[in-house]
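Asker: show me the folded form of this:
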Amino acid sequence: MKTAVAAPVLTLAQARALHLSAQGLLARPRRRARKADLLAAIARMQLLQIDTIHIVARSPYLVLYSRLGAYPQTWLEELLAQREIFEVWAHEACFAPMSDYLLHRNAMPQRAHHWAIRNAQAHRSSSGAKIERLLEHIRGLGPVKSSDFEREQAGGGGWWGWKDEKRWLEAAFALGELMVARRENFHRVYDLTERVAGSVVPDWNTARLDIATVRRETLLKSVRALGLTQARWIADYYRTKPRLRDADLDPLVEQGALLRVAVKGWDAPAYVHPDHAAALALAATGRLRASHATLLSPFDPVVWDRERASEFFGFDYTLECYTPEPKRRYGYFVLPILARGRLVGRLDAKAHRREGVFEVKALFLEEDVVADEALIADIARAIDDCARWHATPKIDLQRCRPATLRTPLRAALRALQSA
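Answerer: The predicted model follows:
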């Protein structure tokens with residue numbers, strides 16, 4: 001008779017360590033990054049969310065920096081142009097490994113609820129003939145940018161403020177008729193899908209995955225990317241619906257495709273991908289230890305699900321750049337501070353590239369965090385490293401909360417800059 005193996009029971013700190021290990025944020029990089037490491041990091045996360053705000057480095061660059069340390073930002077564009085990665089609407093607009101192209105192409109039906117897909121379908125319905133003419137223009141004359149078309153009226157921002165050609169390009173992109181062939185100064189260059197994915201993915205337009213296979217694969221990839229997760233957090237990773245329940249995962253646990261574990265203090269079980277079985281064993285015995293300190297993007301997978309960040313880290317995080325300034329609690333583009341397995345605070349930063357200054361407008365520690373000497377050293381090093389990578393090595397530290405943090409933190413930063 002086969003004896004059932006008891007599921008591991010993890011402390012919250014051990015669960016966080018497994019989560020950060022899967023995300024590539026457990027330990028400081030041991031060597032200088034190589035271009036292949038960027039592709040590996042994107043594959044590990046499955047999705048790298050794109051955002052255009054560049055008050056510090058744009059989000060995708062910053063997410064990779066947090067995991068890999070300093071690297072040339074041009075490498076990301078090179079991976080895109082070399083067809084190693086591609087752009088797709090998934091969690092939001094994201095980079096994904098080209099090896100997952102067929103999965104994403106066949107996932108379109110389960111993303112029909114996504115706002116970008118719904119907008120694209122509406123434009124395809126209302127402007128189908130014009131979009132077809134635009135596609136023929138690209139077929140005959142080659143890739144285009146939206147700036148190739150004259151603008152008839154002022155405005156900008158979202159879909160509602162774009163000129164018609166930009167809306168049509170974005171609609172065709174969202175629906176898979178166009179892809180981003182490359183970026184120039186971070187502006188998309190669109191080309192026909194057959195000339196992008198079609199040049200590197202066999203059967204790019206004929207291979208079919210049934211919806212059950214797509215759902216299973218995205219579910220398993222989400223769990224693998226998260227390291228450890230409750231059922232209710234899984235669907236958000238790829239923006240699928242509905243939210244999953246524990247009963248939905250019973251068959252995968254029975255098949256051995258998922259491991260079910262317990263976390264002390266949680267009223268729901270957690271799930272781990274078998275690829276992380278060795279890390280799970282280390283975590284359960286306290287041998288998986290977080291030692292990394294770095295700044296995170298607001299669009300980092302670790303914090304993009306507010307509920308998950310709260311449960312894992314006790315960290316209530318809301319991006320405030322879209323909030324009117326008088327209503328902001330912390331600032332415009334606030335970066336969470338990760339230190340040795342905890343989210344210990346956040347800082348409102350701006351990189352003044354021309355002047356070479358990394359301005360820290362405000363730094364806020366979480367209320368339950370004690371600023372001892374070791375933590376101050378970790379935070380100082382995280383800020384200094386990030387500032388140097390931005391080519392803004394002079395750090396201007398302004399307000400801190402608690403106010404008593406400012407003097408020792410400035411001293412620690414001066415010591416690093418004079419070393």
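Asker: would you map the strands across the protein?
Answerer: With DSSP state E as the criterion, the chain has strands at 9-10, 48-49, 85-89, 93-97, 178-184, 187-192, 259-263, 270-272, 293-295, 334-339, 342-352, 357-365, 394-401.
Asker: any chance of those in TSV, plus mean pLDDT, distance to Arg118 and mean neighbour count?
Answerer: Using the backbone N, CA and C atoms, a C-beta is placed for each residue, glycine as well. Formatted as TSV, the strands of the chain follow (pLDDT from 0 to 100; distance: least, C-beta to C-beta, whole Å; neighbours: other C-beta atoms under 10 Å):
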stretch	mean pLDDT	distance to Arg118	mean neighbour count
strand 9-10	96	39	18
strand 48-49	98	19	24
strand 85-89	98	11	23
strand 93-97	98	15	22
strand 178-184	97	18	20
strand 187-192	97	20	19
strand 259-263	98	35	19
strand 270-272	98	30	26
strand 293-295	98	34	23
strand 334-339	97	30	24
strand 342-352	97	33	22
strand 357-365	97	37	20
strand 394-401	97	41	16
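Asker: nearest to Ala235, out of these?
Answerer: Taking C-beta to C-beta, strand 270-272 is the member of the strands of the chain nearest to Ala235, at 12.7 Å.
Asker: re the thing from before, how about TSV for the strands of the chain, with distance to Ala382 added?
Answerer: As requested, the strands of the chain are exported to TSV (distance: least, C-beta to C-beta, whole Å):
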stretch	distance to Ala382
strand 9-10	26
strand 48-49	21
strand 85-89	27
strand 93-97	24
strand 178-184	28
strand 187-192	31
strand 259-263	27
strand 270-272	28
strand 293-295	5
strand 334-339	6
strand 342-352	9
strand 357-365	11
strand 394-401	11
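Asker: so which of those strands is nearest Ala212?
Answerer: Nearest to Ala212, of these and by C-beta to C-beta, is strand 270-272 at 18.9 Å.
Asker: from the contact counts, what lies against the closest one?
Answerer: strand 259-263 (3 or more C-beta pairs under 8 Å, 6 or more residues apart in numbering; DSSP states H and E).
Asker: which residues sit against the strand it packs on?
Answerer: Residues outside strand 259-263 that contact it (C-beta atoms under 8 Å, 6 or more residues apart in numbering) are 7-12, 15, 228, 249, 253, 269-274, 277, 280.
Asker: what lines up beside it in the sheet?
Answerer: If you go by DSSP bridges, strand 259-263 pairs up with strand 9-10 (parallel), strand 270-272 (antiparallel).
Asker: which residues touch the last one?
Answerer: Strand 270-272 is touched from outside by 10, 15, 18, 223, 227-231, 234, 249, 253, 258-263, 280, with contacts defined as C-beta under 8 Å, 6+ apart.
Asker: hmm, back to that, of all the strands paired with strand 259-263, which one comes closest to Cys94?
Answerer: Closest among the strands paired with strand 259-263, once you apply C-beta to C-beta, is strand 270-272, at 22.4 Å.
Asker: so how far is that closest one off the chain centroid?
Answerer: 20 Å (C-alpha atoms, centre = their mean, to the nearest Å).
Asker: so which of the strands paired with strand 259-263 comes closest to Ala116?
Answerer: Per C-beta to C-beta, nearest to Ala116 of the strands paired with strand 259-263: strand 270-272, 28.2 Å.
Asker: for stretch 66-78, buried residues please.
Answerer: For stretch 66-78, a neighbour-count test (16 or more other C-beta atoms under 10 Å) marks 66-69, 71, 73, 75-76 as buried.
Asker: of those residues, which is the nearest to Ile337?
Answerer: Using C-beta to C-beta, the buried residues of stretch 66-78 come closest to Ile337 at Ser66, 10.7 Å.
Asker: that closest one reaches Leu295, doesn't it?
Answerer: Yes. Using C-beta atoms under 8 Å, Ser66 makes contact with Leu295 at a distance of 6.7 Å.
Asker: quick one: common contacting residues for these two?
Answerer: Leu338.
Asker: closest one to Glu170 among the strands paired with strand 259-263?
Answerer: Closest to Glu170 of the strands paired with strand 259-263, according to C-beta to C-beta: strand 270-272, at 35.2 Å.
Asker: show me the shaky parts of the stretch 251-400 of the chain.
Answerer: Residues of the stretch 251-400 of the chain meeting the criterion pLDDT under 70: none.
Asker: what about Glu84, how many residues nearby?
Answerer: Around Glu84 sit 19 other residues, with neighbours defined as other C-beta atoms under 10 Å.
Asker: quick revisit: sort out for me which of the buried residues of stretch 66-78 are in helices.
Answerer: Among those, DSSP state H puts 66-68, 75-76 in helices.
Asker: can I get those in a markdown table including distance to Asp316 and pLDDT?
Answerer: As requested, those are exported to a markdown table (distance: C-beta to C-beta, whole Å; pLDDT from 0 to 100):
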| residue | distance to Asp316 | pLDDT |
| --- | --- | --- |
| Ser66 | 20 | 98 |
| Arg67 | 24 | 98 |
| Leu68 | 28 | 98 |
| Trp75 | 34 | 98 |
| Leu76 | 30 | 98 |
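Asker: which two of the residues you listed have the greatest separation?
Answerer: Across these, no pair lies farther apart than Ser66 and Trp75, at 15.3 Å, counting by C-beta to C-beta.
Asker: hang on, the earlier thing: whichever of the contacts of strand 259-263 end up buried, select them in PyMOL.
Answerer: Buried members of the contacts of strand 259-263, identified by 16+ other C-beta under 10 Å, are gathered into one PyMOL selection as follows:
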select buried, resi 8+10+12+15+228+249+270+271+272+273+280
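Asker: right, I'll leave it there.
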